[in-house]
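# Sharing a model that was predicted from the sequence below.
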Amino acid sequence: MSGDKILNVDRLTMRFGGIVAVQDLSLSAERKKITALIGPNGAGKTTVFNCITGFYKPSGGTIRLTHDDGRTIALERLNDFRIAKLAKVARTFQNIRLFPGMTALENLMVAQHNALMRASGLTFLGLIGAPGYRDAEKRAIDLATDWLRRVNLLDRADDAAGNFAYGDQRRLEIARAMCTEPALLCLDEPAAGLNARESAALSELLLSIRNELGTSILLIEHDMSVVMEISDHIVVMDHGVKIAEGSPRAVRDDPKVIAAYLGADEEEAVAVMESGS
């Protein structure tokens, strides 16, 4: 099923009073692929993410997520908590939202609270150390430890997350999201604030998540070096509408995309392209 769609957004519209932030947007994300959503500031990208992950209820349109077993879930009908729990959609934010006073390991354990609560039977079984809960706790620790290793932070498992360098916090936040074992990982500007070395390490991490684990990834990103290096498919927005989509090469050479980023019209963008060729 590697070539089918895990996410289908159809005619998504989001209004805030008289302001239309997103209008009739349709896009899809392929299973086990990296799909990038890009565009100038104010294009509506984060609004789309907020609709997909349940922070906003769309004004119109549908958002469907299809699991490997064929189950389809209408995300536009659910809130953020139920989307994370039932649809297995995980998300990071532009602004890092770790628990700074907790250790790195504790941050990754918190991400697994749903599984631990189920194992406890929502009762005191966890407090008395029932065998089922002990097994679930061990699995949670093993998973958290594995992700700390994957992001090269295992030696700092017991350090407070708030003491980490910015780039380390970014990787830890992705590791925390992956501890929920998501079907779809949504990343909102994961390279923001990173230097060139850290961006390269991020690209390597995201490619390993796609290639080794087969996790589908949808990301918003302004760092075009990251987008062009790792994306399988790119969707471009401007002023709340889709203006282009396709492979990295096709999008990079599209006059409408160049015009949107340069603030020029299409004829001027074509002239810029020709002058540089």
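Received the coordinates, thanks. Numbering: from 1, shown residues only.
# Measure how far stretch 248-262 is from the centre of its chain, please.
Relative to its parent chain, stretch 248-262 has a centroid offset of 23 Å by CA atoms, centre = their mean, to the nearest Å.
# For it, measure first residue to last.
18 Å (CA to CA, to the nearest Å).
# Skipping adjacent residues, who's closest to the residue most central in space within the chain in space?
In the chain, the residue lying closest to the centroid (CA atoms, centre = their mean) is residue 186, at 1.4 Å. Spatial nearest neighbour of residue 186, excluding adjacent residues (CB to CB, 6 or more residues apart in numbering): residue 91 at 4.3 Å. Yep, even glycine has a C-beta here, placed from its N, CA and C like the rest.
# Show me the shaky parts of the stretch 51-200 of the chain.
114-133 (pLDDT under 70).
# show me where the stretch 1-150 of the chain has strands.
5-16, 19-30, 34-38, 60-66, 72-74, 89-91 (DSSP state E, counting those that start in this stretch).
# In the sheet, which strands lie alongside the fifth one, parallel or antiparallel?
Strands adjacent to strand 72-74 in the sheet, as given by DSSP bridges, are strand 60-66 (antiparallel).
# First-to-last residue distance for stretch 40-48?
Per CA to CA, the first residue of stretch 40-48 is 14 Å away from its last.
# Check stretch 146-159 too.
16 Å.
# got the buried residues for it?
147-148, 150-151, 153, 156 (16 or more other CB atoms under 10 Å).
# Which of those residues fall within helices?
147-148, 150 (DSSP state H).
# from those residues, which is closest to residue 251?
residue 150 (29.5 Å; CB to CB).
# from memory the closest one sits against residue 175, does it?
Yes. Counting by CB atoms under 8 Å, residue 150 does reach residue 175; the two are 6.7 Å apart.
# What's the local residue count around the residue nearest to residue 56 when sequence neighbours are not counted?
Counting by CB to CB, 6+ apart, residue 56 lies nearest to residue 50, which is 4.3 Å off, once chain neighbours are set aside. Close neighbours of residue 50, defined as other CB atoms under 10 Å, add up to 19.
# Which phi and psi values does the residue nearest to the centre of the chain adopt?
Backbone torsions of residue 186, given as degrees, to the nearest 10, read phi -110, psi 120.
# for it, what are its contacts?
49, 52-53, 89-92, 217-219 (CB atoms under 8 Å, 6 or more residues apart in numbering).
# Among these, name the ones in helices.
49, 52.
# Closest one to residue 249 out of the contacts of residue 186, please.
Distances from residue 249 to those, taken by CB to CB, are shortest for residue 219, at 18.3 Å.
# Residue 112 against residue 180, yeah?
Yes. Assessed by CB under 8 Å, residue 112 is found in contact with residue 180 at 7.1 Å.
# overlap in contacts of the two?
In contact with both residue 112 and residue 180: no residue, using CB under 8 Å, 6+ apart.
# Residue 80 - nearest residue in space that isn't next to it in sequence?
residue 54 (3.7 Å).
# separation between that neighbour and residue 66?
17 Å (CB to CB, to the nearest Å).
# And the two? Which one has more around it.
residue 54 (21 against 18).
# residue contacts, the more buried one?
Contacts of residue 54 (CB under 8 Å, 6+ apart): 75, 78-84.
# Repeat that for residue 62.
Per CB under 8 Å, 6+ apart, neighbours of residue 62: 8-12, 74, 76.
# Quick check: the two most widely separated of the residues you listed?
Across the contacts of residue 62 (CB to CB), the longest gap, 13.9 Å, separates 11 and 74.
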